[in-house]
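Engineer: build me a structure from this.
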Amino acid sequence: YDKPCAGTTDTYFDEDQLNAVALSKLPASAHHVTTSLQNQKTKAAGDLFAVTATVFDLPKNAILHVGDRKDHDVDNAERAGLKGAWLPSATDAAQFHPRLAATWKDVREERASALLRGMIQSAVFDNPYRNFADDSTCGGSPELLGYAAVAPALIGWASWILQTAARHDNDALLFLSRDGYLPLEICRRLAEDARAGETQAGGAQVGDAHVAGVPDMSYVMSARRAMFDLFSQERGHVGYTEFVHGLSPRTSVRTLLTTRFGATAAEEFGPTIAAAGPGSADAKIGKSVDSVKNALSQFSGSIVQERAGKDQAAKDYFRQAVGDATHPAIVDVGYSGSAQRGISLALGKNIAGFYFTTMEHNTEHAAINDLEVAEFTTDPVFFRSGGMLEYLITPPGLESCTGFDPESENPVFEETDRPDPIRDAVHLGVRQCIEDFFRIFDGHTAQLVMRPRLSSHMLAAFMSDPSRADAQSLAGGKHEDTVGGDADDEFAD
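Structural biologist: Numbering: from 1, shown residues only. The predicted model follows:
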């Protein structure tokens, strides 16, 4: 509209400071800036507005003053003779939202989590009047879910991983596919940013204890199916496969045996084991789980004989992945901890495990066997809804490892090109939040250390009590569990 634009502020920044924190980020340059520092007047007192009117040589009622504080920017401007308009800040818009306000009510925040939440609010409520369902945690949008809930949890987990590795003197971190893909990227960027920030500051930063001696970090192919060869060499591991890998009543005997011990074992032992349970090898095990487990135990010795020596390729792969590290740790979303136990078995030495969350029996097994286990969060919702957690934190299009080729010792992959626009949208939001985080806090991310509960709080709120709009945002999204069940699962509408 080609109208003159002025800025008014009650801050006591000088011109350079004000430009650095605010003016340079405006979409248009102000023709004039009126500050409390320059004029020793304030909007709070109501006497700063007259200065702007004098500068532009305009009657006061010809000036519209827009601000995010209704008392200072609107009420006091109108008392001074100007017109006033209230544009709530992004923070106010979030605080006025019923569900978001309730989610964060009585939550004690550190400065780091408040800064991260402020960044998210500024992006989500850049238009404070946007359509955002009152009962929704993430606006009924998978993209906003990724931005406001999934990405902060991943950033917090990655920061915790580096801090934990520093405290435990780990010299290598093995990020297991596919859950570890984004945590690895974020950890590498955090370490790089911390080093850059230390260089800029001319010394160590507050909170950057993990900068010095950052462990080697690598992406290692693994999955429950990739571990089966390691767990098919002893009768105990075969007979108690439920403990190692879980056992769903939704699966069939054929799937149980094929995914764990191969097609030959399924053909040879499947009919007899199924006869003790559901009757058919292709029927869901259902309520006959105990009968199937008993029958499997009886055939465990024969399965071990059939699988003898087929663990060598997996052993060699993991030995190469660990290399010369003396105190390595795997990074995984968690649950039963079978990957940690499998790699420890392959190497003949204990490997630490850093998890997003894990089961009680994993921590008990670790305590009994002197394995080091640390979990990022103990919120029970992440354990109860493990399939959804894996779905949300894993980017689309990543290769899924099903085992290791005995000749080349290279990972064997299965086709994973399954279009899923819901997951694509979630990770569009995740990616944007990660990029915004490193852009906005460039050189200072090492200072943003927070309790796990705070960075994962929004994700836990979404998963524990989703509104109808939240639940519908994932309708049609697919998550696969070829070990636990015969068919891919789809989130219901």
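Engineer: quick check: residue 55 vs residue 67, distance?
Structural biologist: 18 Å (Cβ to Cβ, to the nearest Å). Using the backbone N, CA and C atoms, a C-beta is placed for each residue, glycine as well.
Engineer: what about these two, which has more around it?
Structural biologist: Counted by other Cβ atoms under 10 Å, residue 55 and residue 67 do not tie: residue 67 has more neighbours, with 20 against 14.
Engineer: the more buried one bridge partners, please.
Structural biologist: Bridge pairing for residue 67 (DSSP bridges) gives the partners residue 86.
Engineer: okay, now the unreliable bits of the stretch 51-200 of the chain?
Structural biologist: For the stretch 51-200 of the chain, the stretches flagged by pLDDT under 70 are 197-200.
Engineer: ranges for the helices of it?
Structural biologist: 76-79, 90-96, 98-104, 111-124, 142-145, 151-168, 181-201 (DSSP state H, counting those that start in this stretch).
Engineer: so which of the ones you listed gets nearest residue 361?
Structural biologist: helix 151-168 (21.4 Å; Cβ to Cβ).
Engineer: chain center to the closest one, what's the gap?
Structural biologist: 11 Å (Cα atoms, centre = their mean, to the nearest Å).
Engineer: equivalent analysis for stretch 337-351, please.
Structural biologist: Centroid displacement of stretch 337-351 relative to its chain, using Cα atoms, centre = their mean, is 25 Å.
Engineer: run through who's touching it.
Structural biologist: With Cβ atoms under 8 Å, 6 or more residues apart in numbering as the test, stretch 337-351 has contacts from 174, 176, 222, 224, 227, 230-231, 244-245, 311, 314-315, 318-319, 322, 328-330, 332, 352-353, 355, 358-359, 362, 365-366, 369-373.
Engineer: what does stretch 69-81 give?
Structural biologist: The contact list for stretch 69-81, computed with Cβ under 8 Å, 6+ apart, reads 10, 43-47, 49-50, 53, 60-61, 65-67, 83-86.
Engineer: buried ones in that stretch?
Structural biologist: Residues of stretch 69-81 classed as buried: 69, 72-74, 76-78, 80 (neighbour count, 16 or more other Cβ atoms under 10 Å).
Engineer: does residue 260 count as helix, strand or coil?
Structural biologist: helix (DSSP: H, G, I helix; E, B strand; the rest coil).
Engineer: just the pLDDT for it.
Structural biologist: The confidence metric pLDDT takes the value 84 at residue 260.
Engineer: correct me if wrong: it contacts residue 239.
Structural biologist: No - contact criterion Cβ atoms under 8 Å: residue 260 and residue 239 do not qualify, at 11.6 Å.
Engineer: neighbour-wise, which of these two wins?
Structural biologist: residue 260 (26 against 19).
Engineer: name the residues linked to residue 176 by a beta bridge.
Structural biologist: Note on residue 176: beta-bridge partners residue 220, judged by DSSP bridges.
Engineer: ok, it - contacts?
Structural biologist: 220-222, 330-332, 339.
Engineer: now, the most widely separated pair of those?
Structural biologist: Largest pairwise distance in the contacts of residue 176, by Cβ to Cβ, is 13.6 Å, between 221 and 331.
Engineer: which of the two has more neighbours?
Structural biologist: Legend: neighbour count by other Cβ under 10 Å for residue 221 and residue 331, higher for residue 331 (29 against 21).
Engineer: which parts of the stretch 301-450 of the chain are helices?
Structural biologist: 312-322, 338-347, 360-369, 380-384, 386-393, 421-440.
Engineer: figure out which of those is closest to residue 32.
Structural biologist: Per Cβ to Cβ, nearest to residue 32 of the helices of the stretch 301-450 of the chain: helix 421-440, 27.7 Å.
Engineer: for the closest one, buried residues please.
Structural biologist: Using 16+ other Cβ under 10 Å as the test for burial, helix 421-440 gives 422-427, 429-431, 433-434, 436-438.
Engineer: so residue 247, which of the three states?
Structural biologist: coil.
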